[in-house]
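S.K.: here is the input, now give the coordinates:
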Amino acid sequence: MSVQKIGVIGSINLDLVASGAPLPRPGETVTGAQFAQHPGGKGANQALAARRLGADVSMIGRVGKDAMAEAALALLRADGVDLSGVVVDETAGTGVALIAVSPDGENQISVASGANANLSARDVLALGMCDAVLCQLEVPLAGIIAGLAMERERGLFAVNLAPAIEVPSELLRLADLLIVNEIEAAFYGEALHQGTGMVAVTLGGAGAVLYRAG
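M.R.: All right, here's what the predicted structure looks like:
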């Protein structure tokens, strides 16, 4: 069986995590948390997961020209993801997620998109032939639409509709696979079923449900 070629268009972040202290109220400072940093971003996470499942993966995204870029790309590079399509942006820093986690697992997350916000349709031209392309909504829609236009006739085009934002109807109509959780499914409603592809609704610990058009 041949190795599947997967392209990922999406965000690359460095997660800065403070855990173990109560979540601060507005205007409050709390101490006692443990600090860690991890590579993150929905796009990078998809690429890493696909690679670890055995696919040949290429990443399309942006990082800043800074020290955080190397940390954000470390796991992707170590696992053999093709990073030739990752642009080093000299006008913005690497994306960062600031995450506070309470002792009982509740969290607060603030994301500074940085270079992710500059991903363009031109960046996506670096994507070669793929069996499937995966996207999410943490990067500008122009890049995702460009990927859809390129890959529509060549392979599977899948979009994880997170975070839930307004998107062009053509994206919902033409994508081969739409992936949502229960909150996102409620946000998009019947619009999810206007196309000819599949819709996967993830249900946390209860698994997932796959709907096919028709």
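S.K.: and the nearest residue to Gly40 once chain neighbours are set aside, what are its bridge partners?
M.R.: Closest residue to Gly40 apart from its sequence neighbours, by CB to CB, 6 or more residues apart in numbering: Asp15 at 3.7 Å. All C-beta atoms are positioned from the backbone trio N, CA, C, and that covers glycine. Under DSSP bridges, the beta-bridge partners of Asp15 are His38, Ala97.
S.K.: thinking Asp15 is in contact with Lys42, fair?
M.R.: No. Counting by CB atoms under 8 Å, Asp15 does not reach Lys42; the two are 11.4 Å apart.
S.K.: these two: which has the busier surroundings?
M.R.: Taking neighbours as other CB atoms under 10 Å, Asp15 and Lys42 compare with Lys42 leading, 22 against 19.
S.K.: I'd like the next helix or strand past the one helix or strand in the chain whose mean pLDDT sits lowest.
M.R.: Every helix and strand in the chain was compared by mean pLDDT, DSSP states H and E; the lowest is helix 141-151, with a mean of 88. Tracing the chain C-terminally past helix 141-151 and defining elements by DSSP states H and E, one meets strand 156-160 next.
S.K.: okay, buried residues for that following strand please.
M.R.: By 16 or more other CB atoms under 10 Å, the buried positions in strand 156-160 come out as Leu156, Phe157, Ala158, Val159, Asn160.
S.K.: can you dump the C-alpha atoms of stretch 175-189 in CSV for me?
M.R.: Extracted C-alpha coordinates of stretch 175-189, given in CSV (Å, rounded to 0.1, in the frame of the first residue of the first chain):
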residue,chain,number,x,y,z
ALA,A,175,-15.4,20.7,0.7
ASP,A,176,-15.3,16.9,0.7
LEU,A,177,-15.3,16.6,4.5
LEU,A,178,-16.3,19.1,7.1
ILE,A,179,-15.3,18.5,10.7
VAL,A,180,-17.1,20.1,13.7
ASN,A,181,-17.7,19.6,17.3
GLU,A,182,-21.1,20.0,18.9
ILE,A,183,-20.8,23.7,19.4
GLU,A,184,-19.6,24.3,15.9
ALA,A,185,-22.4,22.1,14.5
ALA,A,186,-24.9,24.3,16.2
PHE,A,187,-23.2,27.4,14.9
TYR,A,188,-23.3,26.3,11.3
GLY,A,189,-26.6,24.4,11.4
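S.K.: where does the prediction get shaky in this structure?
M.R.: Low-confidence regions of the chain, defined by pLDDT under 70, span residues 1-2, 214.
S.K.: residue ranges of the helices in it, please?
M.R.: Under the criterion DSSP state H, the chain contains helices at 42-52, 67-78, 121-124, 141-151, 169-174, 182-188.
S.K.: okay, the ones you listed in a markdown table with distance to Val133 next?
M.R.: Formatted as a markdown table, the helices of the chain follow (distance: least, CB to CB, whole Å):
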| stretch | distance to Val133 |
| --- | --- |
| helix 42-52 | 10 |
| helix 67-78 | 17 |
| helix 121-124 | 9 |
| helix 141-151 | 5 |
| helix 169-174 | 12 |
| helix 182-188 | 20 |
